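J.: could you look at this predicted model? Sequence included:
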Amino acid sequence: MHVSVIDHPLIQHKLSLLRDRNTNIRDFRALCTEITMLMAFEAMRDLPLEEAYVETPVAPTRVRRLTGKELALVGILRAGLIMVDGILSLVPNARVGHVGLYRDPRTLEPVEYYRKLPSDISERGVFVLDPMLATGGSAVATIRILKERGVSSIRLLCILGAPEGVEAVRSTHPDVEIILAALDERLNEKGYIVPGLGDAGDRIYGTQ
């Protein structure tokens with residue numbers, strides 16, 4: 001399995017602000033969207049192109065356009081929602097699906113409560129979106145759901161990851177590429193990423 005850490009200077013600068021406990025809700029939301037957009041720009045570098053011809057106001061010319069599978073974005077509720085708009089600004093025709101999972105505070109295992117996916121998702125390349133890859137339980141469950149629907153091209157895009165989460169995905173879905181802005185040290189006893197940035201959902205929506 002391939003794990004990519006995108007260390008572009010703009011992403012790393014914005015990530016430093018995202019980690020800061022003093023960053024307010026408005027700025028935290030904006031940073032999540034901006035980081036996701038920058039990550040997606042790099043993650044989509046290998047999308048296939050085909051040649052075509054257009055007429056400019058001056059002359060006909062050869063151009064290159066996207067080809068191959070169309071894209072779908074699957075946000076893991078609730079925090080994954082913040083990442084969708086950043087990518088839609090780049091690929092506005094992408095379809096969007098949602099999978100609702102929460103982490104049982106005692107077992108740390110994911111519990112599914114919602115699922116709504118595009119009807120043609122099996123024909124699309126899918127980006128699974130979640131700001132935090134902590135235990136990996138939610139990502140593993142979401143990828144399993146997608147594979148059960150026939151999806152064969154899946155990438156997992158997370159802002160932060162922990163080694164434990166990476167290993168959980170690697171051991172169950174070795175064919176899925178993981179794309180991160182940073183791979184942090186470890187999980188603490190409560191299952192939070194260290195040093196991390198706290199609970200992404202709470203900081204996005206102002207809840208506890």
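T.: Cool, the structure landed.

J.: so who does the closest residue to Asn188 other than its chain neighbours touch?
T.: Residue nearest to Asn188 in three dimensions, not counting chain neighbours: Val194, with 5.2 Å by C-beta to C-beta, 6 or more residues apart in numbering. Just so you know, the C-beta spots here come from the backbone N, C-alpha and C atoms, and that holds for glycine as well. Counting by C-beta atoms under 8 Å, 6 or more residues apart in numbering, Val194 touches Ala162, Asp184, Glu185, Arg186, Leu187, Asn188.

J.: of the residues you listed, buried ones?
T.: Among the contacts of Val194, those classed as buried by neighbour count (16 or more other C-beta atoms under 10 Å) are Ala162, Asp184, Leu187.

J.: which parts of the protein are strands?
T.: Using DSSP state E, the strands of the chain run over 3-5, 49-55, 60-66, 71-77, 95-103, 110-116, 125-129, 132-133, 154-161, 177-183, 186-187, 193-194.

J.: and the ones you listed as CSV, adding distance to Leu31?
T.: As requested, the strands of the chain are exported to CSV (distance: least, C-beta to C-beta, whole Å):
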stretch, distance to Leu31
strand 3-5, 18
strand 49-55, 31
strand 60-66, 28
strand 71-77, 17
strand 95-103, 21
strand 110-116, 26
strand 125-129, 15
strand 132-133, 14
strand 154-161, 9
strand 177-183, 11
strand 186-187, 23
strand 193-194, 16
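
J.: among those, which comes closest to Ser16?
T.: Nearest of the strands of the chain to Ser16, taken as C-beta to C-beta: strand 177-183 at 9.9 Å.

J.: which regions of the chain lie under the pLDDT threshold?
T.: By pLDDT under 70, the low-scoring segments of the chain are 1, 108.

J.: how does it look with 90?
T.: By pLDDT under 90, the low-scoring segments of the chain are 1-2, 46-48, 66-69, 78, 101-111, 189-191, 206-208.

J.: ok, longest helix in it?
T.: In the chain, assigned by DSSP state H, the helix with the most residues is helix 25-43.

J.: buried ones in that one, by neighbour count?
T.: 28-40, 43.

J.: phi, psi for Asp130 please.
T.: The phi/psi pair for Asp130 (degrees, to the nearest 10) reads phi -160, psi 130.

J.: so who does it touch?
T.: Asp130 sits next to Gly75, Ile76, Ala79, Gly80, Met83, Ser138, Ala139, Thr142, Leu156, Leu157, Cys158 when contact means C-beta under 8 Å, 6+ apart.

J.: name the nearest residue to the last one, sequence neighbours excluded.
T.: So the one you mean is Cys158. Take Cys158 and drop its neighbours on the chain: the residue closest to it by C-beta to C-beta, 6+ apart is Leu133, 4.1 Å away.
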